[in-house]
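*Asks:* Just the structure for this:
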Amino acid sequence: IQDSWTLGRATFNPGLRFEHIKGSVRDQTAPAGRFLPERVFTQADYVDVPSFTDISPRFGAAYDLFGNGKTALKFNFGKYVTSFSSNLGDDYNPMGGGTDTRTWRDLNGDDVAQENELGPSTNLNFGKPTNVTTPDPDLKRPYQLLYSAGVQHELRPGLSAALNYYHRHFYRDFWVDNLATTHADYSIIPIQDPRGNGETIPIYSIARSKLGVIDNHRFNSTENTRKYHGVDLSVNSRFRNGTQLQGGITTGKLHEVTCQVGDPNRLRYCDAAYPFLTQFKLSGTYALPYAFRLSGLLQNLPGVQSDRAAGNVGKDLNIQYSVGPAIAPGLNQTTVTVQPLNEPGTVFLDRVNQDDFAVSRDFRYGKMMVRPQFDFFNAFNSNAVTQVNTQYGPSLLQPQSILNPRLIRFNVRVTF
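*Replies:* Numbering: from 1, shown residues only. Sure, this is the predicted structure:
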């Protein structure tokens, strides 16, 4: 439901969104395999897939500051729930994927893992319906609140600029707790920091009696959250010859807290504040002689390979360090991954410069228009590194992928 009201110089846009989603899992059968017998799951084996009903308010307002239509103050507020579709029931499906990490000693040297060569299971519920994560009866849908405020001003006819501030706050994030264990079931094994800085890292070893015992339940966190602050400066211009330019600078920082965890090995740097990261973009269209058109996009982006979804922009590289009993004597787990090994906000990839262009022209034949176009992706063939190995060791930061090479494409669009 939405509406628009005008009161003097002010315009208000209130709205309300209602959403209901419910998932389910059907009866399933899987044939026997090497490590598991035939599995038949019926409704009796399933937990209730949660259903969510949410009401999300939206509100926007704009005010003509001087009454001449050249300067506007704007404010927006909205609640946005986490997106779900058919994946809602995946985590509660007993036929879902599970892992059991085992040690292996090749006693006969044939490079084939026989059962007598495998170490004990680290997941005693592997392949069983109880391997399913059970939702808390009061589980609620995660959501975020987004606030923005800014000013837009016409500098001259055809040229305007805008300055906006954004704040995004996440609530009710999911977290999974193994109710069969507590932090008291772990003992600390200090190890030397592999970077040779003289510091130690605490590794938490679970009691052998609790190794592989899993009773996972999903809850809404009362502590974990993310907060993003950002500022955006943009310019939009139009010229009489048809040339258009749009561009701007965006900078923002992220504060993330994930300290409500079941495994204390995940407490390292769980309260992380990342520095401001800035990106620049400029796009536009320029009128060439003989009715040709040149369009392009110039980008200068921070060198990060983390998830750039809303609220996650601003993270750096997450260096991981795998620790086993050889490094941490007395460790009962097969391996523990220390992550991040580096302090948050300290390791980034180089910035990425990418330039894309296109040249086109319109030809009209009566009511039909034909537009041939040449596209130049990564026109200057930048080889910026976009992904590296983040596992600590000799191959740390070794490039794994770079920006796709220069691509030239010819296409024709016909409108009739």
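
*Asks:* use CA for all of it now, contacts and neighbours both
*Replies:* Fine.

*Asks:* Tell me how many other residues crowd Asp316.
*Replies:* Residue neighbour count, defined by other CA atoms under 10 Å, stands at 22 for Asp316.

*Asks:* end-to-end on stretch 263-278?
*Replies:* 34 Å (CA to CA, to the nearest Å).

*Asks:* Could you do stretch 87-99 as well?
*Replies:* First-to-last residue span, stretch 87-99, CA to CA: 19 Å.

*Asks:* what sits opposite Val151 in the beta ladder?
*Replies:* Leu73, Leu163 (DSSP bridges).

*Asks:* Would you check how far apart it and Leu73 are?
*Replies:* 5 Å.

*Asks:* Name the nearest residue to Phe410, ignoring sequence neighbours.
*Replies:* Spatially, and ignoring its direct neighbours in sequence, Phe410 is nearest to Phe374 (4.7 Å; CA to CA, 6 or more residues apart in numbering).

*Asks:* Can I take it that the one you found is in a helix?
*Replies:* No. Assessed by DSSP: H, G, I helix; E, B strand; the rest coil, Phe374 does not belong to a helix; its assignment is strand.

*Asks:* Now do the same contact list for it.
*Replies:* Neighbouring residues of Phe374 by CA atoms under 8 Å, 6 or more residues apart in numbering: Ala358, Val359, Ser360, Ile408, Arg409, Phe410, Asn411.

*Asks:* Which of these fall within strands?
*Replies:* Within these, residues falling in strands by DSSP state E are Ala358, Val359, Ser360, Ile408, Arg409, Phe410, Asn411.

*Asks:* pLDDT added to those, as JSON lines?
*Replies:* Shown next, in JSON lines, are these (pLDDT from 0 to 100):
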{"residue": "Ala358", "pLDDT": "97"}
{"residue": "Val359", "pLDDT": "96"}
{"residue": "Ser360", "pLDDT": "96"}
{"residue": "Ile408", "pLDDT": "96"}
{"residue": "Arg409", "pLDDT": "96"}
{"residue": "Phe410", "pLDDT": "96"}
{"residue": "Asn411", "pLDDT": "95"}
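
*Asks:* Spatially, which two of the residues you listed are the most separated?
*Replies:* Ser360 and Ile408 (13.3 Å; CA to CA).

*Asks:* Go through the contacts of Phe374 and name the one nearest Asn378.
*Replies:* Nearest to Asn378 among the contacts of Phe374, with distances taken as CA to CA, is Ile408, at 9.0 Å.

*Asks:* what sits against the closest one?
*Replies:* Phe374, Asp375, Phe376, Phe377.

*Asks:* hang on, the last one packs against Leu407?
*Replies:* Spelled out, it's Phe377. Yes. Using CA atoms under 8 Å, Phe377 is in contact with Leu407, at 5.0 Å.

*Asks:* between those two, who's got more neighbours?
*Replies:* Counted by other CA under 10 Å, Phe377 and Leu407 do not tie: Phe377 has more neighbours, with 20 against 12.

*Asks:* any idea how far Tyr365 is from the residue nearest to Phe410?
*Replies:* From Phe374 to Tyr365 the distance is 21 Å (CA to CA).

*Asks:* for Ser86, same thing?
*Replies:* 47 Å.

*Asks:* And for Thr6?
*Replies:* Distance of Thr6 to Tyr365, given as CA to CA: 45 Å.

*Asks:* Compare neighbour counts for those two and give me the winner.
*Replies:* Thr6 (12 against 8).

*Asks:* Quick check: neighbours of the one helix or strand that one maps to in the sheet, parallel or antiparallel?
*Replies:* Under the criterion of DSSP states H and E, Thr6 resides in strand 5-7. Strand 5-7 pairs in its sheet with strand 10-22 (antiparallel), by DSSP bridges.

*Asks:* and the partner strand, C-alpha only, in PDB?
*Replies:* Taking Å, rounded to 0.1, in the frame of the first residue of the first chain, the C-alpha atoms of strand 10-22 are listed here in PDB:
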ATOM      1  CA  ALA A  10       6.600  19.300   1.000                       C
ATOM      2  CA  THR A  11       5.800  15.900  -0.600                       C
ATOM      3  CA  PHE A  12       5.300  12.800   1.400                       C
ATOM      4  CA  ASN A  13       5.400   9.200   0.200                       C
ATOM      5  CA  PRO A  14       4.200   6.700   2.800                       C
ATOM      6  CA  GLY A  15       4.000   3.000   2.200                       C
ATOM      7  CA  LEU A  16       3.400  -0.300   3.900                       C
ATOM      8  CA  ARG A  17       4.400  -3.800   2.600                       C
ATOM      9  CA  PHE A  18       2.900  -7.000   3.900                       C
ATOM     10  CA  GLU A  19       4.700 -10.300   3.300                       C
ATOM     11  CA  HIS A  20       4.100 -13.900   4.300                       C
ATOM     12  CA  ILE A  21       6.300 -16.900   3.400                       C
ATOM     13  CA  LYS A  22       6.000 -20.500   4.400                       C
END
